[in-house]
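Q: one predicted model, sequence on top.
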Amino acid sequence: MSNQKENLQFQTETRELLNLMIHSIYSNKEIFLRELISNASDALDKLRFEAITHDHYMEKDEALEIRLEVNKENRELIIRDNGIGMSRAEVVENIGTIAKSGTREALKKMKESQSAGDFSQLIGQFGVGFYSSFMVADKVTVITRGAGENQGTRWESDGSGGYTIEDAEVDKRGTTVILQLKTVDEENELHDYSDYFEIRRVIKKYSDFITYPIVLKEEKEEQERDKDGKIVEGGKTQIVVEENTINSMKPIWLRSQSDVTDDEYNEFYKHISHDWNDPAKRIFYRAEGRIEYLSLLFIPSKAPFDFYYQNYESGLHLYVKKVLIDEAFDDLLPKYLRFVKGVVESSDLPLNISREMLQQDRHITAIRKGLTRKVLDSLKEMLDKDKEKYVKFYEEFGSALKEGAASDFEYRTNLTSLLLYESSDSAEKTTLKDYFSRMKPEQEAIYYTIGESRDVVENSPLLERYKEKGIEILYIYDPVDEYVFQTLMEYEGKKIKSVAKGDLDIGSKEEKEKIEKDLKEKETDFKAFMDALKEPLKEEIKEIRLTSRLVSAPACIVGEEFDMSPQLEKVLQRTGTGIKTKRILEINPESPVIRKMRDNFASHGAGESLKDHARILMGYAYLSEGLELPNPTAFAASVARLMETAF
Ligand code: ADP
């Protein structure tokens, strides 16, 4: 069966993607060459690595290279490599399918994005590099033979609906991609990629750092010359073939930084990360001493769409003695720094051992420590020197840093200094350090409040007293921030407290004592009323108590000091680990509404209407803090009954 020619259909997603790509107005079509060269280079890396344990994969001293040829008559551009190659099954798997999970999502996003710029950023993120050939070619043929295999495979497609696949005679291991180029259309930025000059330009621009030679076979017409080197008039012309290596090949991380341009670094970043955006920051680090290594790291400017997924592929390219050992070695950095891309090269690591053994190597532990510190220091530097840029970075990857602050005890101080929050003072993001420096002299704790958005938080009755005293409150919108606060517990000796939990503890000692005494007195007065109020709410509410927390609002919902906020609880419930905590309804004895309710109760007792009033009061408290109502149907019924009696 498998030796016959098969006509296969692309997966629906692949078809849609191709369709988008072929008809895209995306102007930067030349990047197809970068993608194909990048694939060839990866295939050579894989071969070199596999050959360590399978010496028959490669001939001794065989030159590994990428070759480009042009067939002018047929308008063909041919890209060859003698890398790892593919078996027939691998061809179907790798280029008949888009393997990445989330392709569907990618497509949805792509369809939504109108601008060409967005489109270009997206295609890169989904590992669809090979398909970009269809932006410049009407037909693409892949002829390949896997290392250690006898049989070759030929794959061909015009990119419309499907492809053909068949066995083929291929005399050497490796892959050849033949592009049947489209007609030149300068207006739509479709240049002539069969032109040597153009090919050189594109390779220089995007692929100069590739460590294998990229050899361009050039055919030139030469006129016949006489002994003195003069062109013979009416003489013959002959075709001369030249082969030129057009990239400089030196590993970019080994070159002196002053010799490499930003563009070159950026292209290298794109090659290793499969990101199509320039990185936000570059970190170069050479460690000398007990263990020597070199690293060139990048902080991306945009989080890939799958960054927060379980199976996000993280890790750095690890080179040992110039051989790429792993292109996603994720023991070189802690998991929370998984957004960092780059290369680490060391000659102090053993070459021929398993990945599992390497993971336990003490050198790796030392490198991990060094790199972690370096990355955290660089981020701190970005924050100090270019806050605007840092804020952008934080919007993309802040959640990862929060993970770190909550889990990595060793670098907790560094990580905490990198966290940002909005506050009641300003919507501009602030650090804990800056907040600390603005604290009121008598302020005992760092206060925060959590809610869905600035609007919601800002109008919460819980802030009334703090506002009155001019105390700044940190605003958080992400339950993970609260989780971090709960693990940190304090900063520079000051407790970090939620305004929605525990007792109100602002003001001087005398003030607090006076308030407490006041409340005690009122409690006797309110006892019977509060009991009656609690009766209809006892399923939802743990306790009703009087509060001095509020100024004008009648009631609020709070938790005990060590309770989780409802927001955090909800997140944990989604993961199946949460419990549901009953909250406390606090009422303000100074509020006219509460007074009226109590007076009414004193003269009429607990009638039916008190039940509705109690529920509406509780509902008000939940809603005013932007919280979800515990029982919205009962609340709605109470509101309806109240409206009936209102007219
Ligand atoms: P990506 O390179 O992002 O994985 P591509 O669509 O460019 O996505 O390639 C898909 C897969 O096809 C590659 O991951 C690789 O396994 C295989 N492939 C592509 N080109 C080659 C090649 N020249 N040699 C061997 N395998 C290749």
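A: Thanks, I have the structure now. Quick caveat, the model's predicted, so the values are computed rather than measured.
Q: around the ligand, which positions in the stretch 1-150 of the chain sit nearby?
A: For the stretch 1-150 of the chain, the residues in contact with the ligand (C-beta under 6 Å from any ligand atom) are 35, 39-40, 43, 81, 83-86, 94-95, 127-130. Every C-beta, even on glycine, is put in place using the N, C-alpha and C of the backbone.
Q: return the subset of these lying in strands.
A: Using DSSP state E, the members of these that fall in strands are residue 81.
Q: and which of the residues of the stretch 1-150 of the chain next to the ligand is nearest residue 249?
A: Lowest distance from residue 249 to these (C-beta to C-beta) belongs to residue 40, with 13.7 Å.
Q: look up phi and psi at whichever residue of the stretch 451-600 of the chain sits closest to the ligand.
A: Residue of the stretch 451-600 of the chain nearest the ligand, by C-beta to the nearest ligand atom: residue 480 (30.5 Å). Recorded main-chain torsions at residue 480 are phi -60, psi -30, according to degrees, to the nearest 10.
Q: just confirm it contacts residue 400, I think it does.
A: No. With contact defined as C-beta atoms under 8 Å, residue 480 does not count as touching residue 400 (10.3 Å).
Q: show me what from this structure comes close to the ligand.
A: On the criterion C-beta under 6 Å from any ligand atom, the ligand has as its neighbours in the chain the residues 35, 39-40, 43, 81, 83-86, 94-95, 127-130, 175, 274.
Q: try it again at 5 Å.
A: Residues of the chain found near the ligand (C-beta under 5 Å from any ligand atom) are 39, 40, 43, 94, 127, 129, 130, 175.
Q: any regions of the chain where pLDDT drops low?
A: 1-3, 24-27, 97-107, 109-128, 351-353, 578 (pLDDT under 70).
Q: list the buried ones in the longest helix along it?
A: The residue-count maximum for a helix in the chain (DSSP state H) belongs to helix 509-534. Along helix 509-534, the positions that meet the burial threshold by neighbour count (16 or more other C-beta atoms under 10 Å) are 515, 526, 529, 530, 532, 533.
Q: ok, the third one - contacts?
A: In this case it means residue 529. When contacts are counted by C-beta atoms under 8 Å, 6 or more residues apart in numbering, residue 529 touches 597, 598, 601, 602.
Q: so what's the residue count around the last one?
A: Neighbours of residue 602 under the rule other C-beta atoms under 10 Å: 11.
Q: looking at this, it is in a helix?
A: Yes. Judged by DSSP: H, G, I helix; E, B strand; the rest coil, residue 602 forms part of a helix.
Q: any idea how far residue 555 is from it?
A: If you measure residue 602 against residue 555 using C-beta to C-beta, to the nearest Å, the figure is 19 Å.
Q: contacts made by stretch 345-354 with the rest, please.
A: Stretch 345-354 is contacted by residues 52-53, 251, 253-254, 291-295, 318-323, 325, 358, 361, 363-364, 367 when judged by C-beta under 8 Å, 6+ apart.
Q: residue 207 contacts residue 201, doesn't it?
A: No. Taking contact to mean C-beta under 8 Å, the distance of 11.2 Å between residue 207 and residue 201 leaves them out of contact.
Q: so which of these two has more stuff around it?
A: Neighbours per residue (other C-beta under 10 Å) separate residue 207 from residue 201, with residue 207 holding more: 23 against 14.
Q: how far away from the center of its chain is stretch 265-282?
A: On the basis of C-alpha atoms, centre = their mean, to the nearest Å, the separation between the geometric centre of stretch 265-282 and that of its chain is 14 Å.
Q: what about the strands in the stretch 101-250 of the chain?
A: Assignment of strands within the stretch 101-250 of the chain using DSSP state E, counting those that start in this stretch yields the ranges 137-145, 152-157, 162-168, 174-181, 214-223, 237-245.
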